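# okay, predicted coordinates and the sequence, questions at the end:
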Amino acid sequence: MLELAILGFLYAAPLHGYELRKRINALTGHVRPVAESTLYPAIKRMEQAGLLARATQPGAVAAPRHVLTLTDEGRRELRHRLAEPVQRDITDENRWFTVLAFLRHLEDPGAQSAVLRRRLAFLEEPASFFYADDRPLRAEEVDDPFRRGILTIARATSRAELAWLRSTLEALEAPAG
């Protein structure tokens with residue numbers, strides 16, 4: 001998720017590490033804020049893999065800043081990760097939001113649709129946070145008001161996402177003209 005966010009934010013414009021960290025935290029920080037001790041080693045690995053390039057610019061007040069840009073290989077890697085996300089990127093809501101945040105960089109509507117269809121298929125499968133044997137429980141079947149709350153909120157969220165997915169797929173897959 002971190003590497004995808006780095007690639008996604010740098011796709012649009014070069015950024016220095018502090019600004020990149022702020023943007024990643026705005027997108028995913030409610031789940032787990034990104035610490036410098038996590039971000040900078042990831043940047044270093046991605047730079048060594050040829051996905052990022054670093055340039056030094058004079059600092060506005062003090063020390064020089066390191067500005068990061070995507071290489072052509074980094075752009076290809078982002079498009080690959082968006083076109084073929086691993087299953088966890090489809091099923092985990094936080095990872096899914098990271099994919100969704102940058103899916104516009106996958107310029108082919110057919111490829112975008114394929115990713116959205118995978119999420120749609122996942123959401124259409126019966127599921128719950130709670131089960132009776134192997135059967136998923138619905139909110140109406142749970143006595144505990146707090147568990148019922150979890151299921152009620154999840155159902156509303158899923159319905160909203162399903163409606164958005166279907167509408168967006170219809171628009172993406174509509175004949176041109």
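On my side now, so go ahead. Fair warning: this is a prediction, and the values are worked out from it, not measured in the lab.
# from here on, just use CA atoms for contacts and neighbour counts.
Noted.
# how about stretch 81-88: buried residues?
Using 16 or more other C-alpha atoms under 10 Å as the test for burial, stretch 81-88 gives 81-83, 85.
# which secondary structure elements does the longest helix anywhere in the chain contact?
Looking across the chain with DSSP state H, the single longest helix is helix 145-173. Taking 3 or more C-alpha pairs under 8 Å, 6 or more residues apart in numbering; DSSP states H and E as contact, the helices and strands that helix 145-173 lies on are helix 109-124.
# what about the helix or strand following the helix it packs on, distance to the chain center?
From helix 109-124 onward toward the C-terminus, using DSSP states H and E, the following helix or strand is strand 131-132. Centroid separation for strand 131-132 versus its chain: 30 Å, with C-alpha atoms, centre = their mean, to the nearest Å.
# ok, now stretch 74-89?
A distance of 10 Å separates the centroid of the chain from that of stretch 74-89, by C-alpha atoms, centre = their mean.
# secondary structure class of the residue sitting nearest the centre point of the chain, three-state.
When C-alpha atoms, centre = their mean is applied to the chain, the residue found nearest the centroid is T98 (1.2 Å). On the three-state scheme (DSSP: H, G, I helix; E, B strand; the rest coil), T98 is labelled helix.
# check contacts around it.
For T98, the contact set (C-alpha atoms under 8 Å, 6 or more residues apart in numbering) comprises 1, 4-5, 27-28.
# go again using 7 Å as the cut-off
Taking C-alpha atoms under 7 Å, 6 or more residues apart in numbering, we find T98 in contact with 1, 5.
# distance of it from L27?
7 Å (C-alpha to C-alpha, to the nearest Å).
# angle of the longest helix of the chain against helix 109-124?
160 degrees (axes from the mean of the first three to the mean of the last three C-alpha atoms, to 10 degrees).
# any idea how far helix 145-173 is from the chain center?
17 Å.
# likewise for stretch 91-99?
Per C-alpha atoms, centre = their mean, the centroid offset for stretch 91-99 relative to its chain is 5 Å.
# buried residues, it. List them.
Per 16+ other C-alpha under 10 Å, stretch 91-99 contains these buried residues: 94-99.
# for those, which one is nearest D144?
N94 (26.3 Å; C-alpha to C-alpha).
# quick check: the farthest pair among the buried residues of stretch 91-99?
Maximum pairwise distance among those (C-alpha to C-alpha): 8.9 Å, between N94 and V99.
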